[in-house]
Structures are given as structure tokens and as C-alpha cells.
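Undergrad: Build me a model from this:
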Amino acid sequence: MSASILERTLASAAMVEVFADRAIVAAMLDFEGALAEAEGAEGVIPAGAVAAIAAACRETPDVDALVADARSAGSLAIPLVKRLTAMVAARDAASAAYVHRGATSQDVIDTAMVLVTKKALALIDVDLRRLSGSLLALARSHIATPILARTLMQPAQVISFGFKIVAWLAPLVRARERIARAQAAALRLQFGGAVGTLSSLGDKGPAVASRLATRLDLASADGAWHVQRDDWVALGCEVAVLCGSLGKIGGDVALLAQAEVGEVAEPSGVGRGGSSAMPQKRNPVAAMTAIAAAVRAPHRAAALLAAMAPAHERGLGEWQAELAEWPSLFLAAHGAVLALADAFDGLEVNAVRMRDNIERQRGTVFAEAAAALLVGSFGKAKAHELLATLSARAADEGSDLRSLLRAEPALRGVDAGALDAAFDVDGAARRAGALAAAQLDRLAPSLPAAGPKR
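TA: You can find the predicted model right below:
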């Protein structure tokens, strides 16, 4: 698989290598070499053939030529097996007859994709743990730092920044757990032969399959899953869900980093987040990468789901479409998680600006709390109407909602202490922080140790 130059800008170099053309071909050859060893151990092929096949599998064929031939053959495995057979024959003509014994093209390719996907998931997990650790440390450090909550993109009430971070962190913890379960179900050996029965191996089929799985360090499957794509696609969908959660974080960071908001900023550095035209700009590039992954992932997942209905015992087009979509999903996911992990390692938090933005609301974000004090005297509807009117006045006149309430003749009987408590910025943040702390305690067993506080 060769990612385009534009896709590679949204991916990590490590993940590009995992799904590189030569890496997939190497995984296919790993399957063929391990198959020969397993069959030799079971007496299905001669020991001499095992050595010749294993030696040929250590050579790398011309990948571009394989791709060119696969276009007309219909499968990358067909030209690969043909070249492998020729390489074995060059060493020992008799051994060439035992290449790919009992396997089919889908066995080779599916198992190769399982092998590279195992590496891909390991990369994602490392950086997902790192991102989660940074979020945990940041949440604890800012468990009671006041910040505006926004609903429908507008100022709503006061929460704590730690409370907000927990809403980013919890889905990542759940995603990691779901991916682990899906991985255990999906990353299994594919080995069924022509129609999934291993008929050409006679009664040796199950034993060869068991040895083959062990040599490749994969779990055995109950049987061939050539047309049973549920576990495999479920894994892909979980990775897509992770992309959605990363996109949520990226979107929030981008909004908080707008200069007119200025509550957080991604780390700065030479060449990071600049503009080709505007020298003053500091663009949130990690957020951008995460948002891009969230935009792309649904389409990849939809293609995987659409490919789940192959006809009879082998797909015609469906499986091939699935293979083409699979790597891009992982390129997007790891690009996003790596970008955010790097950004949160040095995220700049401006708590002063957070409080300033609250103060600019002139107390109107406490209108609901103030209305609650008046319900007993005025009823819910009238209290709501009064606070709506006074909030509008505060915005129009540049006055403070609490002052307007104190000056309202009809409200002179309202307890002054209770009114002050309703407008307590730090009190609101502490209450939100207490909820966040309790959720962090529940998440803690699934989280890596927190890094240093910032």
C-alpha cells in the first residue's frame, strides 16, 4: 500500500511503514515460510522442501512487478506465489511443488493483514496511553480551574477545566478497552484452503493450522473466516469510533485556541503551525489532524460495512474493497492520536484568560442558579422570564446581572448570602471538579500513571 503524499501529511511515518508495500509483501512471505515449517513438522512436505521454501521467503521480490501482475491476476497472492515458486525451483526443482501447499490466496493476504494490523494497533496503543496520561495529569492539575461551559457554541455556565478534560479522556479509555476486546476476537489466523475446509491436507489440516498459528504468534480461529467478516470489521469500526473521539478533542482545542478566546494553545516551535502568508498566525495543527481523521473515518468504516456481504464462499469485489480501505483507517487514527499526544505533552493553559472570559459574561452564566432562588416566591415561569429580561439588560447596558438583581425592588427579600453563592465562580468550578474527580477515580484503574502536573 502506497499512501499519497497528501495522506502521509496526516499520518505518522511509523504507520506508513507498517502498511508499506514491502511490509505487506514481507508479511505474506512470513505466512508462506511458516506454512512450510508447519507442514514439514506434520510430515505433509519433505524437510528439504521446508529449507528451500524458508530460504526463498527471506528474499524480497520486485514489489512493483507484483502489483502490476496483480491487476490482471485479481489477487496479489497469485503473482507472489508464482515468483516464490520460481525462486524455490532455482534452489531445488523438486521442492517447488510444495510451495503454498493447501492454502489459498485469501489465507495469505488476510493473515498478512492481521500481522501488520497487530503492529498498527501496538503503535496506536502506545500513543493512546501517552495521550491519556497527559490528559489525566492535566485534569488533576485543573480540577477546580474555572472555565466557561458552552452549549450550542454559546456561553452557558461555569464548569472546571478538569471537568471538560474528563469528557475528552473517558471516551479514550473506553475506546482502548473496546479495541482490546475487538483485537482479541479479530487478530486470528486465516487458513482454510480453497473453500475453507483444508480438504487438500486431509486429516492433517487442523494440526497444520495450529502449528502455523503458533509460528506466527497468532490465535487460532474456529475455522476459516473468508466470508465471515464480522469480527474483523468490528475492529475497524472501533478504530473509526476512536477517530471520532479524537476529533471531538481536536475540535474543542481548536475552538479554545482561537485568539479571541485564548484559553489554550498548542506548543509552539520553529515550523509548527505557521502560515505561508501571515507571519502572526499560530495554527492548531494537532487539532487539525485529529479533525481530519474524524472526517475521513466514517467513510472508511462505511466501506468496511458495505463489504460484509460476499457471495457464497469467496467475495468478488467486496473483500478487495475492504483491503483497499483498511490501511487508510489506521493511518488516520494513528496520525491523530500521535499529533494530540505530542500537543498535550506541552499544551499551554491560560487560566487567567478562562476567568476573564467568564467575567465578560457579566454574571449572566449564573442566571439559572439565580432563578432557582426566586422560584419559591415567583414560580418557575415568572422567575425565568425575569432573569431573561435582566440578563438582556446586563448585556445591553454593560452592567452586572447580580447588581441588577440587588437593585430590583421586587427582590429585596432575597437572601444576600444565597445570591452571592449563586454567582460564585470558584464554587461552581469546585462542584464540577468534584464530579470530575469522582469519575477520574473510577477511570484510574484503566489509566497509565499521570505525568507531571502543568
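
Undergrad: can you list the domains in the protein?
TA: Domain assignment for the chain, taken from automatic domain parsing, gives 105-188+225-360+425-454, 364-422.

Undergrad: For the ones you listed, which has the smallest mean pLDDT value?
TA: Of all those, mean pLDDT reaches its minimum on domain 364-422 (a mean of 90).

Undergrad: May I have the distance across that one, first residue to last?
TA: End-to-end distance for domain 364-422, by CA to CA, to the nearest Å: 11 Å.

Undergrad: any idea how far the closest residue to V25 other than its chain neighbours lies from A20?
TA: Spatial nearest neighbour of V25, excluding adjacent residues (CB to CB, 6 or more residues apart in numbering): V63 at 5.6 Å. To be clear about C-beta, it is placed using only N, CA and C from the backbone, and glycine gets the same treatment. To A20, V63 is 9 Å away according to CB to CB, to the nearest Å.

Undergrad: which secondary structure elements does the helix or strand that contains D252 contact?
TA: Assignment of secondary structure by DSSP states H and E places D252 within helix 230-256. The contact analysis (3 or more CB pairs under 8 Å, 6 or more residues apart in numbering; DSSP states H and E) places helix 230-256 against helix 105-141, helix 161-186, helix 285-306, helix 318-345.

Undergrad: Next, the angle helix 285-306 makes with that helix.
TA: Here helix 230-256 points in a direction 150 degrees away from that of helix 285-306 (axes from the mean of the first three to the mean of the last three CA atoms, to 10 degrees).

Undergrad: Buried residues of helix 230-256, list them for me.
TA: Going by neighbour count (16 or more other CB atoms under 10 Å), the buried part of helix 230-256 is 231-250, 252-254, 256.

Undergrad: right, and the helix or strand after it?
TA: Per DSSP H and E, the helix or strand that comes after helix 230-256 is strand 264-265.

Undergrad: What's the local residue count around D203?
TA: Look at D203: counted by other CB atoms under 10 Å, it has 7 neighbours.

Undergrad: List phi and psi for it.
TA: D203 has phi and psi values of phi -80, psi 0 when expressed as degrees, to the nearest 10.

Undergrad: Look up how far E42 lies from it.
TA: Using CB to CB, D203 is found at 10 Å from E42.

Undergrad: likewise E368?
TA: From E368 to E42 the distance is 73 Å (CB to CB).

Undergrad: Between the two, point out the one with more neighbours.
TA: E42 (18 against 13).

Undergrad: Thought A207 was touching that one, still the case?
TA: Yes. In this structure E42 lies within contact range of A207 using CB atoms under 8 Å: 5.2 Å.

Undergrad: any chance of the domains of the chain in CSV, plus distance to V25?
TA: Shown next, in CSV, are the domains of the chain (distance: least, CB to CB, whole Å):
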stretch, distance to V25
domain 105-188+225-360+425-454, 8
domain 364-422, 59
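
Undergrad: okay, those, which one's buried deepest?
TA: domain 105-188+225-360+425-454 (a mean of 19; mean count of other CB atoms under 10 Å).

Undergrad: Show me what the helix or strand harbouring E368 packs onto, helices and strands only.
TA: Under the criterion of DSSP H and E, E368 resides in helix 367-378. Packing partners of helix 367-378 (3+ CB pairs under 8 Å, 6+ apart): helix 380-397, helix 401-407, helix 416-422.
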